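J.: Build me a structure from this.
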Amino acid sequence: MNKSAQQPDTEQADTEQGNSLIELSGITRVYGKGDATVYALRGIDLRINDGEFVAVMGASGSGKSTCMNIMGCLDTSSSGSYFFKGVDVGKLSRNQRALLRRNYLGFVFQGYNLLHRTSALENVELPLMYRGISPAKRRLQAMQALEIVGLKGRESHSPGELSGGQQQRVAIARAIVSEPAVLLADEPTGNLDSEYSHEIMQLLTRFNREQKITIIMITHEQDMAEYADRIIKFADGAVESDIKNGVLNNTNNQITDIEREDINSKQQRSIS
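T.: Okay, the predicted model is just below:
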């Protein structure tokens, strides 16, 4: 897919620093006025490089979901600047932001957000329909995406005929079918048991490593965050900490007890 041909119709920044994909500078988000004012974000400075796997953590109300919504062009900041691939997103029109979302971003949510009266295949085809892809081509691409996530043979099943883990795999297939540069995942394992959670995390890790998809994932679970290369923690609308995590890169993308102990040790040394 030629991403350059889909670049939003706006001037590029003069320079890009390194392989920076997302740059947030002084981002604030304020809701309400007067006594009802709520400061959801208080000056976020953040850079995410191309190909990173970033876990975002923090208590409910810490601002992590608000920040992700801004990065995903689902919301806009009250002040500050957001650059995506060198483009000043704050200067884009609503239609241009929609094009950026459609051509560069994929989304996975805790609640799967599948259409319950349609098949797995039809759910995965949906973003391709919005892009005007022909029925034959989108069916082929959707079939390939379902095969990649391990659901070959389940194409005709409705969400009600699939387990929670399988439904989340359909949601991931839908997110990757358009080959996004960035996958934004909001609590992708929040509704799953431990076994399915690790299956989903191994799948996301494989996409990050093999397909070089940048992943930004919100999670409340430390063991899920350990799959990421970097863990950012939010508190009271600000970045509380931003640390490199252990590199989980064994043959089967599985975390052994020894690796987990080593990761925890590295994190303790980084914090202390």
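
J.: Show me where the stretch 101-250 of the chain has its helices.
T.: Secondary structure of the stretch 101-250 of the chain (DSSP state H, counting those that start in this stretch): helices at 120-130, 135-148, 164-176, 194-210, 222-225.

J.: Looking at these, which is nearest to residue 45?
T.: When the helices of the stretch 101-250 of the chain are compared by CB to CB, helix 222-225 sits nearest residue 45, at 20.9 Å. All C-beta spots, glycine's among them, are computed from the backbone N, C-alpha and C.

J.: Okay, buried residues for that closest one please.
T.: For helix 222-225, the neighbour count (16 or more other CB atoms under 10 Å) marks 223, 224, 225 as buried.

J.: now stretch 183-197
T.: Neighbour-count burial for stretch 183-197 flags 183, 184, 185, 186, 187, 188, 189, 190, 191, 192, 196, 197 (criterion: 16+ other CB under 10 Å).

J.: Take these and write them to CSV, including pLDDT.
T.: Below are those laid out as CSV (pLDDT from 0 to 100):
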residue, pLDDT
183, 97
184, 97
185, 96
186, 94
187, 94
188, 94
189, 93
190, 90
191, 89
192, 90
196, 91
197, 93
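
J.: picking up where we left off before, so which of the helices of the stretch 101-250 of the chain is the most surrounded?
T.: Among the helices of the stretch 101-250 of the chain, helix 164-176 has the highest mean neighbour count (mean count of other CB atoms under 10 Å), at a mean of 24.

J.: which residues touch that helix?
T.: Contacting residues not belonging to helix 164-176 are listed as 106-109, 112-114, 120, 123-124, 126-127, 142, 145-146, 148-151, 154, 157, 159, 162, 183, 188-189, 191-193, 195-196, 199-200, 203-204, 207, 211, 213 [CB atoms under 8 Å, 6 or more residues apart in numbering].

J.: one more time with 7 Å, if that's ok
T.: 106-108, 112-114, 120, 123-124, 126-127, 145-146, 148-151, 154, 159, 162, 183, 188, 191-192, 196, 199-200, 203, 207 (CB atoms under 7 Å, 6 or more residues apart in numbering).

J.: again, but for stretch 194-205
T.: For stretch 194-205, the external contacting residues (CB under 7 Å, 6+ apart) are 53, 149, 164-165, 168, 172, 185, 188-189, 192, 215, 224, 227, 248, 253-254.

J.: can we see that at 6 Å?
T.: Residues from elsewhere that reach stretch 194-205, judged by CB atoms under 6 Å, 6 or more residues apart in numbering: 165, 168, 188, 189, 215, 224, 227, 253.

J.: would you list the residues you listed in a markdown table and tack on distance to residue 40?
T.: Listed next are these as a markdown table, based on distance: CB to CB, whole Å:
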| residue | distance to residue 40 |
| --- | --- |
| 165 | 32 |
| 168 | 27 |
| 188 | 22 |
| 189 | 24 |
| 215 | 23 |
| 224 | 24 |
| 227 | 27 |
| 253 | 35 |
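
J.: Lowest-confidence one in the residues you listed?
T.: Least confident of the contacts of stretch 194-205 in the model: residue 253, at 37.
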